[in-house]
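Fold the following and give me the result.
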Amino acid sequence: MNPSVPIFGILAEFPTPADLMHAAERVRDAGYTRWDVYTPFPVHGMDHAMGLKNSKVGWFAFFGGLTGYTTGMLMIWFMNAFDYPIVVGGKPMFSPFSAFPPSYELTILLGAFGALGGMLILNRLPRWHHPLLKHPRFVERGASHDKFFLVIEAADPKFDEASVREFLASLGGRNIEVVEE
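Numbers count the residues shown, from 1 in each chain. The predicted structure is shown next:
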């Protein structure tokens with residue numbers, strides 16, 4: 001370990017998904033806030049074990065869709081009833097029935113953009129570099145095949161290298177290593 005390179009966190013390997021699940025519950029209960037788990041496949045119940053709340057991406061999609069619908073209705077009203085009114089066959093200058101198709105299309109378009117933008121913002125993407133992707137145990141020895149990892153980040157307010165190492169060892173973590181930034 002190079003003392004001049006800052007620490008990203010401490011990585012621990014767990015043999016089974018159940019062991020990782022129990023470790024996640026204990027880390028959550030210990031009050032750590034900056035930590036994550038890495039598994040080769042989704043583990044049912046891990047969100048609950050980590051204490052994660054529902055995603056806010058749906059709100060981004062909802063407000064994007066609402067903006068699209070409102071924009072469509074206002075656009076058709078402005079063009080037909082205000083900017084260039086033409087009376088055709090005694091029909092009304094603005095009808096929500098005829099304005100619905102473009103409003104619906106804008107609802108779908110801006111809702112999708114809202115969901116995509118919300119996902120990027122909430123995941124702090126794009127992130128061009130992640131310290132774990134250069135750690136040999138994480139990359140070469142199974143993060144995407146058959147190993148289960150838990151990382152407590154150095155940015156956590158409760159982080160102390162010695163106590164985190166001891167805590168992860170008490171949870172049954174193996175190959176506990178420091179991950180450099």
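
List the buried residues of the lowest-mean-pLDDT helix or strand in the chain.
The helix or strand of the chain with the poorest confidence is helix 136-140; it has a mean of 78 (mean pLDDT, DSSP states H and E). By 16 or more other Cβ atoms under 10 Å, the buried positions in helix 136-140 come out as Arg137, Phe138. Where C-beta positions appear, they are placed from N, C-alpha and C, glycine not excepted.

Near the residue lying closest to Val139 once chain neighbours are set aside, how many other residues are there?
In space, Val139 comes closest to Leu133 once its chain neighbours are excluded; the distance is 6.2 Å by Cβ to Cβ, 6 or more residues apart in numbering. Using other Cβ atoms under 10 Å, Leu133 has 9 neighbouring residues.

can I assume Leu133 sits in a helix?
Yes: counting by DSSP: H, G, I helix; E, B strand; the rest coil, Leu133 is part of a helix.

Domains in this structure, by residue range?
According to automatic domain parsing, the chain comprises the domains 7-54+129-180, 57-122.

weakest of those by average pLDDT?
Mean pLDDT is lowest for domain 7-54+129-180 among the domains of the chain, at a mean of 89.

What's the end-to-end length of that domain?
Terminal residues of domain 7-54+129-180 lie 4 Å apart, using Cα to Cα, to the nearest Å.

and what of stretch 124-131?
15 Å.

Can you list the buried residues in that stretch?
In terms of neighbour count (16+ other Cβ under 10 Å), stretch 124-131 has its buried residues at Pro131.

And for stretch 43-59?
Burial within stretch 43-59, assessed by neighbour count using 16+ other Cβ under 10 Å, is assigned to Val43, Met46, Ala49, Met50, Val57.

could those go into a markdown table alongside secondary structure?
Converted to a markdown table, the buried residues of stretch 43-59 look like this (three-state DSSP):
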| residue | secondary structure |
| --- | --- |
| Val43 | coil |
| Met46 | helix |
| Ala49 | helix |
| Met50 | helix |
| Val57 | helix |
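
for these, which one is nearest Thr67?
Among the buried residues of stretch 43-59, Val57 lies closest to Thr67 (Cβ to Cβ), at 15.7 Å.

who's in contact with that closest one?
Neighbouring residues of Val57 by Cβ atoms under 8 Å, 6 or more residues apart in numbering: Ala115, Gly118, Met119, Leu122.

Run a quick neighbour tally on the third one.
What that stands for is Met119. Using other Cβ under 10 Å, Met119 has 15 neighbouring residues.
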